[in-house]
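In: Please find the sequence and the predicted model below.
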Amino acid sequence: MLVLSGSSAIADAIVRTQAMSASTIAEIYVEDEFIRLELEIGLNDLKAFQTLLPDEIHQRMGFGNEPFPNRMQRFLDEQFVIVADDEPLNGILVHIRPSERVRRDEITGEPLPTEGEPQTVVVAEFVWPLESRPDRIDLLYANIDAAIGFVIYHKGVAVNDFRYLSAAQRLNLDWVDPWYSAFNTRSLRRQYYAPMAGFIYVEPYEVRKEIIARPKDLQRWVDLGLDGKKTIPVEMQADILQKASAFLAQHQPVTIDGKPAIHSLMRANFLQRSLRTSLVIDPPEELDVNSAIIGVIFIYPHEAFADSVTMEWDMFDERITIVPVAGVDPTGPLKQFLEPDFSTLEWQNFIRIPVMPTLVDIVSPPGALAEWLTYLRWVFGTVALMLAAVWIRSVTARTGHTIASGAAAIVVIALAAASWWFAERASLDDDATKDMVAGLLTNVYRAFDFRDESEVYDVLARSVDGALLSDVYLEMRRGLVLANQGGAVAKVKGIELLDIAASPAEDQTIEATTTWLVRASVGHWGHIHERRNQYQANLRLQVIDGAWKLVDLEIVDAVRL
């Protein structure tokens, strides 16, 4: 504790508005036999928590000579009181010591690896033993001049997101299923409070339905083997995902343009959800049965872009009384809540001209006539010069061949000019080469807008030589796959050619060193996952069957931005 008194002068005095960035953090854990408080006190809050300081530090900082036991009891009796079913609990100090501040995510409050110089804090742990399981507890916080960011867990389930602790809060405890434990105050309800949620994604050529649910809630409809279990071991998880997917496939029916839609299962995963994102848990790990979440995705292929989509929610009971849902299209999500008497999610297409992914027209390579004209323009030019010289001599000498030689010169000059014009249009200048390379890259990525692998290869074959198809497929797809989303493939939203250095090679080929940027995104679990990748590569383009195609690709550098 001597370190604390010498370091108090360098305390961070900045008042932060985010609760997870508060100088003092309280994490409260409600378990079967006790309630535990882990208090992380920032140095600039030491005065507010002077009742917790050891006698030597308390006196050195000028707070008086009141003995530590008296001050500690006053803290538990007057400043931080926990009441269970209207009866105050007796708290016990487990330990108090200096430590390093836990660095937390600015959005979620989740612990992060320490970076830079660690901050010194005072860590105190208290325990309030429970003789029985209370129906409710009251947190009473008074006479402490400090803003406390706090979160409370009931048997491992976070009841609230990080918020500021106020003077008095009542928490109703559900010991059968801690997921449903909640504060009386609506503002302390965590963002992901609902045990089930549904999303409809409307995109060109497809509609996706995504259902998020707790296996423990699904257990009330279908036997997943969870009765009496506290955890879900890894060896059970594949079977649970299979049973849950089969059950959900029979529920939440979808119509597209007024017709019942036929789906196929895309994937099912266990998820880790936070305020920032939702991630697939990979590799699998043993999960608490109360907080385990699964996500199941069904896909509905469609010919173009739907005009209307509906999803009927048909799973309500005494626990599931409200379900957050959203219809998501290229303009963004439209969030709603479904209830038993309002159970249909409806999406209408208000996009006047939806942007459909299309292939870019690539400039055609020069044909046989253009190649001939490339050489003949020099012949025509030479002959034109010779005839012009003859015509000039005949005019000067006033011979009888003036008209004939002049007419011949005009005709040949016209042929030379025409051949020169056509040859120039047939050749690729720098701008045309850049457009052609950008177009080919765009068409390569557009192939991944299709779900069926055979269709992807068919579209790729329009821009890539057959010998290179597999390599390009694997390389480009690797950059679009979101590993932490169970292998979901992002849709490309734009391609920007940043730099190109191209030169002609033999046999109607072009060699180019290029740098391009790919912007892609995919919607999952109510979040939009963005991806920006930058590539540098050496390309070789060649005319095959009358079209420019990619015949060689060497990725020099790939960076995720």
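Out: It's in.
In: Next, count neighbours for the closest residue to residue 498 other than its chain neighbours.
Out: Among residues not flanking residue 498 along the chain, residue 515 sits closest, at 4.5 Å (C-beta to C-beta, 6 or more residues apart in numbering). (C-beta placed from N, C-alpha, C; glycine too.) Other residues lying near residue 515 total 16 when counted by other C-beta atoms under 10 Å.
In: quick one, phi psi at residue 228?
Out: phi 80, psi 0 (degrees, to the nearest 10).
In: To clarify, my last question referred to residue 128.
Out: phi -120, psi 110.
In: So what sits opposite it in the bridge?
Out: Taking DSSP bridges as the rule, residue 128 bridges to residue 35.
In: For it, give its distance to residue 30.
Out: Remark: distance between residue 128 and residue 30 (C-beta to C-beta, to the nearest Å) = 10 Å.
In: Neighbour count for those two, which is higher?
Out: Comparing residue 128 with residue 30 by other C-beta under 10 Å, the one with more neighbours is residue 30, at 26 against 21.
In: which ones are touching the closest residue to the more buried one other than its chain neighbours?
Out: Distances taken as C-beta to C-beta, 6+ apart place residue 154 nearest to residue 30, at 4.6 Å, with adjacent residues excluded. When contacts are counted by C-beta atoms under 8 Å, 6 or more residues apart in numbering, residue 154 touches 30, 171, 173-174, 178, 181.
In: so what strands line up beside the strand ranked longest in the chain?
Out: Assignment by DSSP state E gives strand 527-544 as the longest strand of the chain. Strand 527-544 has the following strand partners under DSSP bridges: strand 509-524 (antiparallel), strand 547-560 (antiparallel).
In: Now render these as JSON lines, adding mean pLDDT and distance to residue 476.
Out: Formatted as JSON lines, the strands paired with strand 527-544 follow (pLDDT from 0 to 100; distance: least, C-beta to C-beta, whole Å):
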{"stretch": "strand 509-524", "mean pLDDT": "84", "distance to residue 476": "9"}
{"stretch": "strand 547-560", "mean pLDDT": "86", "distance to residue 476": "9"}
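In: Mean neighbour count, these: which tops it?
Out: Each of the strands paired with strand 527-544 was scored by mean neighbour count; the highest is strand 509-524, a mean of 18, by mean count of other C-beta atoms under 10 Å.
In: How far away from the center of its chain is it?
Out: Offset of strand 509-524 from its chain centre (C-alpha atoms, centre = their mean, to the nearest Å): 19 Å.
In: Going by neighbour count, which of the contacts of residue 154 comes out on top?
Out: residue 30 (26 neighbours).
In: ok, it to residue 461 distance?
Out: Distance, residue 30 to residue 461, by C-beta to C-beta: 61 Å.
In: where does the stretch 201-350 of the chain have low pLDDT?
Out: Within the stretch 201-350 of the chain, the stretches with pLDDT under 70 are 276.
In: tell me the helices in it, going along the chain?
Out: 215-218, 234-248 (DSSP state H, counting those that start in this stretch).
In: tell me the most buried of those?
Out: The stretch of those with the highest mean neighbour count (mean count of other C-beta under 10 Å) is helix 215-218, at a mean of 21.
In: which residues sit against it?
Out: 177, 179, 195-196, 224, 226, 232, 240, 244, 247-248, 289-290, 292, 294, 319-320.
In: same thing but at 10 Å, please
Out: Helix 215-218 has contacts (C-beta atoms under 10 Å, 6 or more residues apart in numbering) with 177, 179-180, 195-196, 211, 222, 224-227, 229, 232, 236-237, 240-241, 243-244, 247-248, 270, 287-294, 315, 317, 319-320.
In: Confirm that residue 179 sits in a helix.
Out: Yes - Residue 179 sits within a helix when classified using DSSP: H, G, I helix; E, B strand; the rest coil.
In: neighbours around it, how many?
Out: Neighbour number of residue 179 under other C-beta under 10 Å is 21.
In: Okay, it and residue 236: tell me how far apart.
Out: Distance, residue 179 to residue 236, using C-beta to C-beta: 19 Å.
In: which residues of the stretch 401-550 of the chain score low on pLDDT?
Out: 401-409, 411-429, 451, 481-489, 505-508, 527.
In: all helices for it, in order.
Out: 402-426, 430-446, 453-460, 469-480.
In: what residues are up against residue 22?
Out: So residue 22 contacts 15-16, 40, 42, 45, 104, 146-150, 162, 164-165 (C-beta under 10 Å, 6+ apart).
In: How is the protein partitioned into domains?
Out: Listed domain ranges for the chain are 2-188, 196-348, 368-426, 430-560 (source: automatic domain parsing).
In: Export the strands paired with strand 527-544 to a markdown table and append columns for distance to residue 436.
Out: Below are the strands paired with strand 527-544 laid out as a markdown table (distance: least, C-beta to C-beta, whole Å):
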| stretch | distance to residue 436 |
| --- | --- |
| strand 509-524 | 8 |
| strand 547-560 | 6 |
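In: neighbouring contacts of the helix or strand hosting residue 70?
Out: Per DSSP states H and E: residue 70 is located in helix 68-74. By C-beta under 10 Å, 6+ apart, the list of residues contacting helix 68-74 from outside reads 50-58, 63-64, 66-67, 79, 90-93, 96, 124, 126, 143.
In: which one of the contacts of residue 154 sits closest to residue 139?
Out: Residue 139 lies nearest to residue 171 out of the contacts of residue 154, by C-beta to C-beta, at 7.1 Å.
In: and the host helix or strand of the closest one, what other elements does it pack with?
Out: Using DSSP H and E, residue 171 falls within strand 168-172. Applying 3 or more C-beta pairs under 10 Å, 6 or more residues apart in numbering; DSSP states H and E, we find strand 168-172 packed against strand 80-84, strand 136-141, strand 148-154, strand 182-183.
In: Tell me which of those lies nearest to residue 260.
Out: Short answer: strand 182-183, nearest of the helices and strands packed on strand 168-172 by C-beta to C-beta, at 37.5 Å.
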